[in-house]
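# this one's structure only:
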């Protein structure tokens, strides 16, 4: 009985966390992701909100965020995959981010979708 009661109280506590607290946490993660993107990705990609890139170069993060098929899962998969081949040896390498860094960079990219200037 104690276990059930404890679980119910813990669940209730999680349910009453204000939405603004989750938004603040996402904002912090996105801010840290921006710093990581500038450190690891800006050598090739335009990482700033609203920035655009000219083909045939790598896409700007804003363009990636604005793609309708961009999801948290698709970004995680893409960032964990090496894209270099024998034909295109200088294409995007696997940046070998930690899971925490990966989550922050993904949060940053997804935050661009909402932050895009209209």
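The structure has been received and is ready for your questions. As the structure is a computational prediction, the values presented were derived from the model and not from experiment.

# I'd like the next helix or strand past the strand or helix carrying residue 31.
Mapping residue 31 onto the secondary structure by DSSP states H and E places it in helix 19-40. On the C-terminal side of helix 19-40, the nearest following helix or strand under DSSP H and E is helix 61-66.

# and that next one, what's buried?
By neighbour count on 16 or more other C-beta atoms under 10 Å, the buried set for helix 61-66 is 61-65. Any C-beta I mention is one placed from the backbone N, CA and C, and that applies to glycine too.

# between these, which is closest to residue 81?
When the buried residues of helix 61-66 are ranked by distance to residue 81 (C-beta to C-beta), residue 64 comes first, at 14.3 Å.

# so that closest one versus residue 93, what's the distance?
In this structure, residue 64 lies at 17 Å from residue 93, with C-beta to C-beta, to the nearest Å as the measure.

# swap in residue 71?
Relative to residue 93, residue 71 is positioned 22 Å away (criterion: C-beta to C-beta).

# so residue 32 sits right up against residue 104, yeah?
Yes: judged on C-beta atoms under 8 Å, residue 32 makes contact with residue 104 at a distance of 4.6 Å.
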